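Colleague: Dropping a prediction and its sequence here:
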Amino acid sequence: MLVAVEAHLLTVFGSDSGRAGVSFLGTERVDVLRFGPDADGLVRYATLGMARAPMGDPGAEVVLADGPRAELLLSVRGLHDTVLRRLAVLAASPAVEGLVIGPGAGLDIGEPLWDGGRFTAVLVAEPGGLVPDLPVADVEPVRFLPLLPMTPNESAWKRVHGAPALEERWLAQGLDLRDPARPEADLS
């Protein structure tokens, strides 16, 4: 499965420009691949390992073999390689905590996504734009879930008002969500 996922990412982005692997006690290794920077200075960080197993409750009596599978994708301007471990933590959360991660979810790591950053959470966006789903025989396709960095205030506002309302604010204010120095959305 992971060989196909990696090949799919390489088809979309070309060769990776770096990678790191992280292992957590009781889970299998999660790699994070870096692609870029491209001509616009964008760097893509993609997890590799989350799709190894379907997401679901690890304590359930029956684990559905055809449950949802996904990998995470973060696009940001410039190199921010300290995000690698934090993305691996998020990618391991379905196996460790039994989370099912999907569009609209807010994931808070309680520390900056990268060293010196002010974003401590991400909003999981709709898949299929940048990296199309990867069909897999006899199971659900692997979805590549874009992550949109959120400040602590944006994350709290999203919990109250919902993901669509926050996305509307970002869009109305013309914020470039890939800019590591972008201002916080006006939430008043």
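Modeller: Good, I have the coordinates.
Colleague: Is the spatially most central residue of the chain part of a helix or strand, or is it coil?
Modeller: By C-alpha atoms, centre = their mean, the chain has its centre lying nearest to Leu72, at 3.0 Å. Following DSSP: H, G, I helix; E, B strand; the rest coil, we place Leu72 in the strand state.
Colleague: residues in contact with it?
Modeller: Applying C-beta atoms under 8 Å, 6 or more residues apart in numbering, one finds that Leu72 lies in contact with Ala46, Thr47, Met50, Leu87, Leu90, Ala91, Ile101, Phe144, Leu145, Leu147. In short, each C-beta sits where N, CA and C put it, glycine included.
Colleague: Give the rounded mean pLDDT of the longest strand along the chain.
Modeller: When the chain is parsed with DSSP state E, its longest strand is strand 139-150. For strand 139-150, mean pLDDT rounds to 96.
Colleague: next SSE after it?
Modeller: Downstream of strand 139-150, the next assigned helix or strand under DSSP states H and E is helix 152-161.
Colleague: ok, residues contacting that following helix?
Modeller: By C-beta under 8 Å, 6+ apart, helix 152-161 touches Gly106, Asp108, Thr120, Ala121, Leu123, Met150, Ala165, Leu166, Glu184, Ala185, Leu187.
Colleague: still on that earlier bit, Provide the partner residues of the residue nearest to the centre of the chain in its beta bridges.
Modeller: Taking DSSP bridges as the rule, Leu72 bridges to Leu145.
Colleague: need the longest helix for this protein.
Modeller: Looking across the chain with DSSP state H, the single longest helix is helix 83-97.
Colleague: That one: which residues count as buried?
Modeller: For helix 83-97, the neighbour count (16 or more other C-beta atoms under 10 Å) marks Val83, Leu84, Arg86, Leu87, Ala88, Val89, Leu90, Ala91, Ala92, Ser93, Pro94, Ala95 as buried.
Colleague: Looks like Thr82 contacts Glu111 (just checking).
Modeller: No - with contacts counted by C-beta atoms under 8 Å, Thr82 stays clear of Glu111, the gap being 10.3 Å.
Colleague: Show me the common contact partners of those two, please.
Modeller: Joint contacts of Thr82 and Glu111 (C-beta under 8 Å, 6+ apart) do not exist.
Colleague: follow-up on the earlier one: let's see which of the contacts of helix 152-161 end up in strands.
Modeller: Short answer: the contacts of helix 152-161 in strands (DSSP E) are Gly106, Asp108, Ala121, Leu123, Met150.
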